[in-house]
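1. Requesting a structural model of the entry that follows:
(one chain, ligands or ions: 2)
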Amino acid sequence: MTWEERWHPLREEWVIVAAHRQRRPWNGETVTRDEPELPVYASDCYLCPGNERISGARNENYNQTFVFDNDHPCVGLEAPPGFPGSNGLYRNRPATGMARVVCYSPQHNLALAELELPEIENLLRVWQQQYVDLGRREEIAHVLIFENRGEVVGVSNPHPHCQIYATNFVFKTIETESRICRQHLSDTGRGLFRDIIEAELRDGRRIIFQNECAIAFMPYFARYAYEVFLAPRRTHASIASMSDAEVADFASALKVLLVKYDNLWQMPFPYVMTLHQSPTDGGDYAAFHFHIEFLPPLRRPNLLKYLAGPEIGGGNFLSDTAPEEKAAELRAQSDVHYKHARRTSTVTAD
Ligand SMILES: [Zn+2]
Ligand SMILES: [Zn+2]
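-> Ligands and ions are numbered 1, 2, ... in the order given. Now for the predicted structure:
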């Protein structure tokens, strides 16, 4: 077993890699449980077209994507009246904002990985629009777009969707990345994320997929076993400034990555997917490079990465897998979704 620390330049912290070198790589085991066949439409799903939500509002009979204000937002626009504020050690401030839900598809049983490329491109344009619409509001400092996928990250409704938190504050990770990227640019004259992409291209072992405008790789400093960053090659502070050609390439890379994830264990692969975009508070974010981070909680089928003593107690991630090996596993997966492959083989057998 080798112990090694790897520097995470976007978080300014060390990641401890204690990879068991003698352990054979994952041997192809898949999850054998029979997945329930999901219906195209579910009458009790609050995201399906035409259905009524808890608030009493009714979903449109949408046929592509559908965006609505979350019925149970974590943040609202009204700050409590007469907010006291404070200056001492124990400070507080009002947390306000808006929360939205984006349904990817009217089909209850489709995952993002299974959407057709034009549908994924359309979704990326919806994300661009939401970032611009919400970000231009005076009271919004940041737009966080994220998808939690799978029951292990608390999502019981399989209907494909993501969430948006547009807030009057900037989330910690984005604040940290912004500060570090700005510092790196002023120290070196270069973009930090561009330097990371170049380092990954030079090494090559952790690249999952690349095309002309986009690249997906498992970072050298990955904290989770199957952590992947997806980014445009050119620097854009947010998804909003990407051109149509870049959106098209980004959509292809996104689809390939998600299909490989699902194919890995032939199961809907759980993850937390977060768009890292520059804040919209009017600051200087020329150094910020938009990317999506995929943080999957599983190390093996049905085996969670527990955050315990080192992570929660000590504050550093301890990874027991080498990113180079995990990237090779992922890269080796087919680009055809296993559900599609099964359907095709059934048809052929008939
Ligand atoms: Zn549904
Ligand atoms: Zn990031």
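2. what about Ala287, which helix or strand?
-> Under DSSP states H and E, no helix or strand contains Ala287.
3. For it, the count of nearby residues, please.
-> For Ala287, the count of nearby residues is 23 (other C-beta atoms under 10 Å). All C-beta atoms are positioned from the backbone trio N, CA, C, and that covers glycine.
4. Equivalent analysis for Leu89, please.
-> With other C-beta under 10 Å as criterion, Leu89 counts 5.
5. does it count as helix, strand or coil?
-> Classification of Leu89 using DSSP: H, G, I helix; E, B strand; the rest coil returns coil.
6. What are the boundaries of the helices in the stretch 51-200 of the chain?
-> 117-135, 172-188, 192-203 (DSSP state H, counting those that start in this stretch).
7. Turn those into CSV, including mean neighbour count and mean pLDDT.
-> Output for the helices of the stretch 51-200 of the chain, formatted as CSV (neighbours: other C-beta atoms under 10 Å; pLDDT from 0 to 100):
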stretch, mean neighbour count, mean pLDDT
helix 117-135, 18, 98
helix 172-188, 16, 98
helix 192-203, 17, 98
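8. Which among the ones you listed is found nearest to ligand 1?
-> Closest approach to ligand 1 among the helices of the stretch 51-200 of the chain is made by helix 117-135 (15.9 Å; C-beta to the ion).
9. Ligand 2 is nearest to which of the helices of the stretch 51-200 of the chain?
-> Closest of the helices of the stretch 51-200 of the chain to ligand 2 is helix 172-188, at 5.1 Å (criterion: C-beta to the ion).
10. Please list the residues of the protein that sit near ligand 2.
-> The chain comes close to ligand 2 at residues 276, 293, as judged by C-beta under 5 Å from the ion.
11. what residue ranges in the chain are flagged as low confidence?
-> 1, 21-34, 79-83, 85, 347-350 (pLDDT under 70).
12. how about the closest residue to ligand 2 within it, phi and psi?
-> Nearest residue of the chain to ligand 2 (C-beta to the ion) works out as His276 at 3.6 Å. Main-chain torsions, His276, degrees, to the nearest 10: phi -100, psi 110.
13. Contact partners for it?
-> 173-174, 177, 290-293 (C-beta atoms under 8 Å, 6 or more residues apart in numbering).
14. how about Ala341, phi and psi?
-> phi -60, psi -40.
15. Could you do Val155 as well?
-> phi -110, psi 120.
16. surely it meets Arg149?
-> Yes. At 6.3 Å, Val155 counts as touching Arg149 under the criterion of C-beta atoms under 8 Å.
17. Around Trp265, how many other residues sit close by?
-> 20.
18. Grab the CA positions of stretch 136-155 and hand them over as PDB.
-> C-alpha atoms of stretch 136-155 as PDB (Å, rounded to 0.1, in the frame of the first residue of the first chain):
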ATOM      1  CA  ARG A 136     -29.000  39.600 -13.700                       C
ATOM      2  CA  ARG A 137     -31.400  40.200 -10.800                       C
ATOM      3  CA  GLU A 138     -30.100  42.800  -8.400                       C
ATOM      4  CA  GLU A 139     -30.700  40.600  -5.300                       C
ATOM      5  CA  ILE A 140     -29.000  37.500  -6.700                       C
ATOM      6  CA  ALA A 141     -25.200  37.000  -6.100                       C
ATOM      7  CA  HIS A 142     -24.900  33.500  -7.300                       C
ATOM      8  CA  VAL A 143     -26.800  30.800  -9.300                       C
ATOM      9  CA  LEU A 144     -26.100  27.200  -8.200                       C
ATOM     10  CA  ILE A 145     -27.400  24.600 -10.600                       C
ATOM     11  CA  PHE A 146     -27.100  21.000  -9.400                       C
ATOM     12  CA  GLU A 147     -28.600  17.500  -9.800                       C
ATOM     13  CA  ASN A 148     -28.700  15.000  -7.000                       C
ATOM     14  CA  ARG A 149     -29.200  11.600  -8.500                       C
ATOM     15  CA  GLY A 150     -30.000   8.400  -6.700                       C
ATOM     16  CA  GLU A 151     -31.500   7.400  -3.400                       C
ATOM     17  CA  VAL A 152     -28.100   7.400  -1.700                       C
ATOM     18  CA  VAL A 153     -28.000  11.100  -2.100                       C
ATOM     19  CA  GLY A 154     -31.600  11.500  -1.000                       C
ATOM     20  CA  VAL A 155     -33.600  11.500  -4.200                       C
END
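19. Just the CA trace of stretch 219-226, in PDB.
-> The C-alpha trace of stretch 219-226 is given here as PDB (Å, rounded to 0.1, in the frame of the first residue of the first chain):
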ATOM      1  CA  PRO A 219      -8.600  15.100 -11.700                       C
ATOM      2  CA  TYR A 220      -5.200  14.100 -10.400                       C
ATOM      3  CA  PHE A 221      -6.400  15.300  -7.000                       C
ATOM      4  CA  ALA A 222      -9.800  13.500  -7.100                       C
ATOM      5  CA  ARG A 223     -11.400  13.100  -3.700                       C
ATOM      6  CA  TYR A 224     -14.100  10.600  -4.700                       C
ATOM      7  CA  ALA A 225     -13.300   7.300  -6.500                       C
ATOM      8  CA  TYR A 226     -15.200   8.300  -9.700                       C
END
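20. re the thing from before, any idea how far Glu311 is from the residue of the chain closest to ligand 2?
-> Using C-beta to C-beta, to the nearest Å, His276 is found at 20 Å from Glu311.
21. Check Arg100 too.
-> In terms of C-beta to C-beta, Arg100 sits 31 Å off from Glu311.
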